[in-house]
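Student: Quick check, what structure comes out for this input:
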Amino acid sequence: MPLLVLSGALGAAPARAQELNDARRIAIAERLSRSTVTITVRRRGIGSGFVVGAERFIITNGHVVEGAGRRPVSVHFPGGEVLDANVLVIDARTDLAVLQVAGRAPAPPIALGDSSRVRVGQSVLAYGSPHGLSGTLTQGIVSALRDNLRGVGDGRITGLIQTDAPINPGNSGGPLVNARGEVIGVNTLIISQAGGSEGIGFAVPSRLVRRLIRDLRDRLQNPRASAPPVRTPAPAAAASNAPVTAAPLPVWLGIEGDAFSGFGIRGIRVQRVIPGGPAAAAGIRGAEDPAPAVVRRMNVPWTGYVILALDGHPVRGWPDMIRLLGGKRPGDRATLTITVPQGGMEGSAVVELGAPPASP
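Tutor: Residues are numbered from 1 along each chain as shown. Reported below is the predicted structural model:
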């Protein structure tokens with residue numbers, strides 16, 4: 001990628017250059033603080049992102065912005081500017097997305113590293129906005145390299161980077177960098193029993209960011225008038241790998257949540273239930289709500305209901321939920337299978353889906 005700044009091979013560097021001493025860590029943190037952003041989607045939640053390339057594209061996770069529909073996607077820059085962004089592409093295969101603001105993004109690009117040279121045991125730093133706390137830096141190592149992990153993109157990603165660097169909700173879309181400060185991955189998923197970091201996090205390798213940007217540049221060379229964002233579906237959900245047009249969701253569930261994996265289950269953990277929305281009317285509760293009496297009696301941690309399925313179809317994350325809701329209409333009823341993982345309790349709730357709220 002000629003427009004991205006690349007450094008020499010990681011494996012060829014002297015051991016001394018890879019030491020994360022205080023001075024190096026501070027320098028990397030200062031560089032990340034200038035190039036990393038917080039992304040908010042109204043009524044959906046918070047994620048992270050970072051600026052790359054001469055075009056100053058903003059990279060984040062697809063699940064951070066997927067489902068935004070007509071809701072504004074706001075990018076909070078380090079200097080305090082808050083700008084609306086266009087979603088240029090969402091790739092469900094890799095759970096990556098590319099955004100761009102009008103004009104020149106007020107943040108410098110950060111270099112992409114070579115994820116093919118990542119090795120187990122090397123030091124890494126994660127940066128982002130866990131729980132909305134922007135500018136948070138954590139440190140760890142590469143714990144393993146995984147292939148075909150369910151719950152990340154289409155489940156067919158190779159070279160997924162596993163790390164013990166603390167990652168929490170809100171870190172999604174933020175950079176995982178090596179000891180040179182180069183982005184080697186996009187923080188995407190944690191496996192947790194308690195809902196927070198337990199030292200098992202995963203990042204999509206930077207080679208897939210590089211590929212997505214290359215494909216986007218090729219497409220932008222032949223712009224189409226008023227072209228909507230492009231969403232590349234997972235192969236299992238489409239007859240080919242050709243991009244298809246993304247349309248706003250026709251219905252509204254009324255929750256904010258994030259991917260959950262733990263206790264042998266995967267789903268969407270409900271963080272917040274929008275007052276007056278369909279989920280609230282059905283009795284769904286999120287982490288911000290008081291725990292139901294039955295959960296209090298079980299004396300287990302309350303982290304919000306986890307949605308396991310919609311109308312009997314598994315929901316392993318937001319891409320599944322978006323796909324299933326795409327075939328619904330306002331007034332339709334949907335049955336949600338929900339659980340409280342720590343207590344082993346499972347039940348269902350019937351939600352009457354509403355029309356998407358009007359944009360302000």
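Student: which residues does S134 contact?
Tutor: 38, 76, 128 (CB atoms under 8 Å, 6 or more residues apart in numbering). All C-beta atoms are positioned from the backbone trio N, CA, C, and that covers glycine.
Student: Looking at T245 now. What's its pLDDT?
Tutor: For T245, the pLDDT comes out at 31.
Student: Surely S35 is in contact with F50?
Tutor: Yes - judged on CB atoms under 8 Å, S35 makes contact with F50 at a distance of 5.5 Å.
Student: out of the contacts of S134, which is most surrounded?
Tutor: The member of the contacts of S134 surrounded by the most neighbours (other CB atoms under 10 Å) is G128, with 31 neighbours in all.
Student: Could you say which helix or strand holds D320?
Tutor: Element membership of D320, judged by DSSP states H and E, is helix 318-325.
Student: returning to what we had before: shared neighbours of S35 and F50, anything?
Tutor: The contact lists of S35 and F50 share I110, where a contact means CB under 8 Å, 6+ apart.
Student: Show me the helices in the protein, by range?
Tutor: 22-35, 62-65, 206-220, 278-281, 293-298, 318-325 (DSSP state H).
Student: What mean pLDDT does the first one get?
Tutor: Averaging pLDDT along helix 22-35 gives 95.
Student: ditto for the longest one
Tutor: Mean pLDDT, taken over the full extent of helix 206-220, equals 90.
Student: low-confidence ranges in this protein?
Tutor: Scanning the chain for pLDDT under 70 picks out the ranges 1-18, 43-44, 67-71, 193-196, 221-249, 342-345, 358-360.
Student: How many residues are close by G121?
Tutor: Burial of G121 is recorded as 8 neighbouring residues (other CB under 10 Å).
Student: swap in A102?
Tutor: Residues lying near A102 (other CB under 10 Å) number 9.
Student: quick one: it from V75, how far?
Tutor: Per CB to CB, to the nearest Å, A102 is found 11 Å from V75.
Student: what do the two both touch?
Tutor: When CB under 8 Å, 6+ apart defines a contact, the residues bordering A102 and V75 alike are 83-84.
Student: which residues does V251 contact?
Tutor: Taking CB under 8 Å, 6+ apart, we find V251 in contact with 325, 328-330, 332, 353-356.
Student: circling back: of the helices of the chain, which stretch is the most buried?
Tutor: Burial of these is given as mean neighbour count (mean count of other CB atoms under 10 Å); helix 62-65 ranks first at a mean of 28.
Student: Report all helices and strands that that one contacts.
Tutor: strand 36-41, strand 45-52, strand 82-91, strand 96-101, helix 318-325 (3 or more CB pairs under 8 Å, 6 or more residues apart in numbering; DSSP states H and E).
Student: switch the cut-off to 10 Å
Tutor: Judged by 3 or more CB pairs under 10 Å, 6 or more residues apart in numbering; DSSP states H and E, the packing partners of helix 62-65 are strand 36-41, strand 45-52, strand 82-91, strand 96-101, strand 183-190, strand 255-262, helix 318-325.
Student: give the contact list for the residue lying closest to R146 once chain neighbours are set aside.
Tutor: Using CB to CB, 6 or more residues apart in numbering and skipping the chain neighbours, the partner closest in space to R146 is L160 (4.4 Å). Residues near L160 by CB atoms under 10 Å, 6 or more residues apart in numbering: 115, 144-149, 152-153, 185, 188-189, 202-205, 208.
Student: do that again at 8 Å, thanks
Tutor: Contacts of L160 (CB under 8 Å, 6+ apart): 145-147, 149, 152, 202-205.
Student: picking that back up, out of the contacts of S134, which one sits closest to L20?
Tutor: Relative to L20, the closest of those is G128; by CB to CB it sits at 17.9 Å.
Student: could you measure the closest one against G174, distance?
Tutor: Computed as CB to CB, the G128 to G174 distance reads 3 Å.
Student: Overlap of the contact sets of these two?
Tutor: By CB under 8 Å, 6+ apart, the residues touching both G128 and G174 are 36, 47-48, 187.
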